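1. sequence-free structure coming up:
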């Protein structure tokens, strides 16, 4: 699209992922937008950005800090969002419906069949709703290394930076999929094998997700080196 918020188009004021398929335009096509359109889009994007920061009480400095962890894994975040969306779609998968009056004979109903029972068949169909969500969400535990060595050797191989990017990837990619995937982030170090990095509710905005990453960094600074036995 053009001149509207979205992904892959040109002239839009900011990126907006609405879950649709993305058709990426070339850089040449994007550059062909008139200068006044690109200038207006930048102004609109800046205002929308400031409004978002105000809503979550986040400073521009913190927003930029968080963005440094997200930029390097933006493609992976998009892929994880697609996977999570696919899990949402699986809720309507066909299942075996039992106690039917027609279909395939249900081997578990042999005795009932001998006694003249009619509901002894099964067939494939959509799950029947019973007033509540019968599908249990998948539970993922993200285990991260918060030992002192991660901080100590980050300057050599960027191991801490890459791990924080991975945590940001999971938090961003699973945002909005809480009904299908629940996750928690747990740290381990040479001093403690189980360090919860957020409490109960997954962080639902950039400021809260940055706080999770900051907690990782602070733990790295103060724990000793070594592995948990």
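-> Perfect, thanks for sending it. For clarity, every value in this text was computed on a predicted model and none was experimentally measured.
2. Distance of the residue nearest the centre of the chain relative to residue 42?
-> Nearest to the geometric centre of the chain sits residue 174, at 1.4 Å (CA atoms, centre = their mean). Applying CB to CB, to the nearest Å, the value for residue 174 to residue 42 is 30 Å. Where you see a C-beta, it was placed from the backbone N, CA and C, and this is true even at glycine.
3. And residue 163, by the same measure?
-> Taking CB to CB, one finds residue 163 at 33 Å from residue 42.
4. Give me the pLDDT value at the residue nearest to the centre of the chain.
-> We have a pLDDT of 92 for residue 174.
5. quick one: it from residue 184, how far?
-> 11 Å.
6. got any residues that touch both of the two?
-> Residues touching both residue 174 and residue 184 (CB atoms under 8 Å, 6 or more residues apart in numbering): 140, 202.
7. Buried residues, stretch 157-177. List them.
-> 159-160, 163-165, 167-175, 177 (16 or more other CB atoms under 10 Å).
8. what is the mean pLDDT for the host helix or strand of residue 156?
-> Assigned by DSSP states H and E, residue 156 belongs to helix 154-157. Helix 154-157 shows a mean pLDDT of 90.
9. hang on, the earlier thing: close enough to count as contact, the residue nearest to the centre of the chain and residue 168?
-> No. Here residue 174 lies out of contact with residue 168, judged by CB atoms under 8 Å, at a distance of 11.2 Å.
10. where in the protein is pLDDT low?
-> Residues of the chain meeting the criterion pLDDT under 70: 1-32, 45-46, 49, 52-53, 56, 88-93, 127-135, 199-200, 223-229.
11. Walking through it, point out its strands one by one.
-> With DSSP state E as the criterion, the chain has strands at 95-100, 104-105, 121-125, 138-145, 181-188, 195-196.
12. In a markdown table: these, plus distance to residue 153.
-> Output for the strands of the chain, formatted as a markdown table (distance: least, CB to CB, whole Å):
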| stretch | distance to residue 153 |
| --- | --- |
| strand 95-100 | 50 |
| strand 104-105 | 60 |
| strand 121-125 | 54 |
| strand 138-145 | 11 |
| strand 181-188 | 17 |
| strand 195-196 | 20 |
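13. Show me the one of these that comes nearest residue 86.
-> strand 181-188 (11.0 Å; CB to CB).
14. when you compare where that closest one runs with where strand 138-145 runs, what's the angle?
-> 20 degrees (axes from the mean of the first three to the mean of the last three CA atoms, to 10 degrees).
15. other SSEs contacting strand 181-188?
-> Packing partners of strand 181-188 (3 or more CB pairs under 8 Å, 6 or more residues apart in numbering; DSSP states H and E): strand 138-145, helix 159-173, strand 195-196, helix 206-222.
16. do that again at 7 Å, thanks
-> Judged by 3 or more CB pairs under 7 Å, 6 or more residues apart in numbering; DSSP states H and E, strand 181-188 is in contact with strand 138-145, strand 195-196, helix 206-222.
17. could you check the angle helix 206-222 makes with the longest helix along the chain?
-> Longest helix in the chain, counting residues (DSSP state H): helix 35-55. Angle, helix 35-55 to helix 206-222, by the same axes, to 10 degrees: 70 degrees.
18. what's the offset of helix 35-55 from the middle of its chain?
-> 25 Å (CA atoms, centre = their mean, to the nearest Å).
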